[in-house]
Structure formats: C-alpha cells, structure tokens
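> Okay, here's the prediction I keep looking at, along with the sequence it came from:
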Amino acid sequence: MGETMSTTGHPRYTAVAIALHWLMAALLVGMIFMGWQMEDMREMALAGEMSFAEVQAYYNWHKTIGISLLVLALVRLGWRLTHKVPPLPATMKPWEAIAARATHIAFYAVMIGMPLVGWLTASATNFPSYIANNPALELPHLPVPNEAYEPLGSIHSAGAWVIFALLALHVGAALKHHFVNRDDVLTRMIPFLKFRV
C-alpha cells in the first residue's frame, strides 16, 4: 500500500514518498541556483579572477548532484508506479484533475530529462569530466559531437525556467486547496500541517 492515514483519518502519502518529494524539491531548486553560480564562475575564470580547477570542481559537484537527482527521480517514479497514492478530492473539477495529473507528469519528465540533458551537454565538451582529488562523481562522456554543446546547453538552461513555472503552478494549486478549497491536499504531503475544515 502506498497511502497511509493521518491521525484524523485523512489519506496521506507514505513516509518514503514524502521524503523523496521534499528532498528532490530542495535539490532541484538548489541545482538551479548552483547552475547560475557556475555561469558567474566561468566568467570570473575567463577574467582571471579564479582558477579553472576551482570552476571545474564546482562543475563536477553539479554533475554529481545532477546524477543523484536522476537516480532519485527514477526511484520516486518506481515508488509511484508501485504504490497507491491518495485519491484526488471529489470536489475537484475535471479540468483541475487533468491539470494536476499533467503537472505531475511534467515534473517527472523534467526531473529525468534535465540531468540527462546536462550529461549530454557535459559530454559535448572537450573539458575533463573529473579532476584529481575532487571527490565528485566521474561521469563517462556519452558519444555527443562538440557541435551539440551550445544547443544542449541552451535546452538545459531553459529547463530551469520550466522547473520554476511548474513549481509556481504546483505551490499555487496546493495553497489554493488549503486556504480556498479547505481540503486535505496539502496536508497529505506535510505531515505536521493540520487539516482545515
């Protein structure tokens, strides 16, 4: 069984699903800001304000966390497919239910697609994927031509804005459910939050 019951008798996601949800949310947002910092660091390296080794070490950590996110996304997808989730509130309109499902599908596509595109982007460069004494993960280069670096990098960067758009929809809908609809949607994913009546 994938859903559990709260002390008030309302359905709730399992502890594993809740942990994966919040861990991945934090990592996704953190990775976006890390990516933006990487762009600044690259400019600083070109200006001679920091060494290439420092920038590459930061890039390696970005890759390591990105692959960790990919693994977590696949684990989360596997958990979702093999465990029952709480049903949507009966009061939801059909279009709201479709939008909710579409948003969740889009999240899974981005959580899996972004790390893969990042890996392809890194593979399209001639830069080393690993630096000695850096404990980050060493990734093998995939067979991607160097000419693909710019378009792949643009897609990877644009993905950050897709994630922010999905987050805005997701958070906005969750808050609407809690404060306007006064149903149990938000309390399913936040264990300590009280159900509003």
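Nice, I can see it. Since the model is a prediction, treat every value here as computed from it, not as a measurement.
> Do I have it right that His83 meets Thr14?
Yes: counting by CB atoms under 8 Å, Thr14 is a contact partner of His83 at 6.4 Å. From N, CA and C alone the C-beta is placed, and that goes for glycine too.
> so who does Leu70 touch?
111-112, 115-116 (CB atoms under 8 Å, 6 or more residues apart in numbering).
> Now do the SS call for Glu49.
Secondary structure, DSSP: H, G, I helix; E, B strand; the rest coil: Glu49 is coil.
> residue contacts, the nearest residue to Phe52 once chain neighbours are set aside?
Distances taken as CB to CB, 6 or more residues apart in numbering place Ala45 nearest to Phe52, at 5.5 Å, with adjacent residues excluded. Counting by CB under 8 Å, 6+ apart, Ala45 touches 51-52, 54-55.
> excluding its backbone neighbours, what's nearest the spatially most central residue of the chain?
Geometric centre of the chain, nearest residue: Leu28, 3.8 Å, by CA atoms, centre = their mean. Closest residue to Leu28 apart from its sequence neighbours, by CB to CB, 6+ apart: Ile163 at 5.9 Å.
> ok, now Val185?
Nearest one to Val185, counting by CB to CB, 6+ apart, is His177 at 3.8 Å.
> now the chain, which segments are flagged as low pLDDT?
Residues of the chain meeting the criterion pLDDT under 70: 1-10, 127-136, 195-197.
> so where do the strands sit in it?
3-5, 11-13 (DSSP state E).
> and the last one, which strands flank it?
Using DSSP bridges, the strands paired with strand 11-13 in its sheet are strand 3-5 (antiparallel).
> Looking at His83 and Thr14 now, which is surrounded by more residues?
Set side by side, His83 and Thr14 show more neighbours around Thr14, with 17 against 14, by other CB atoms under 10 Å.
> thinking again about what came up before, which ones are touching the residue nearest to Val185?
His177 touches 89, 183, 185-186, counting by CB under 8 Å, 6+ apart.
> Check these and tell me the two furthest apart.
Pro89 and Leu186 (11.2 Å; CB to CB).
> Neighbour count: the two, which is higher?
Between Pro89 and Leu186, Leu186 has the larger neighbour count (other CB under 10 Å), namely 19 against 13.
> any idea how far that one lies from Met111?
Distance, Leu186 to Met111, by CB to CB, to the nearest Å: 21 Å.
> And Pro89, by the same measure?
Distance from Pro89 to Met111, by CB to CB: 25 Å.
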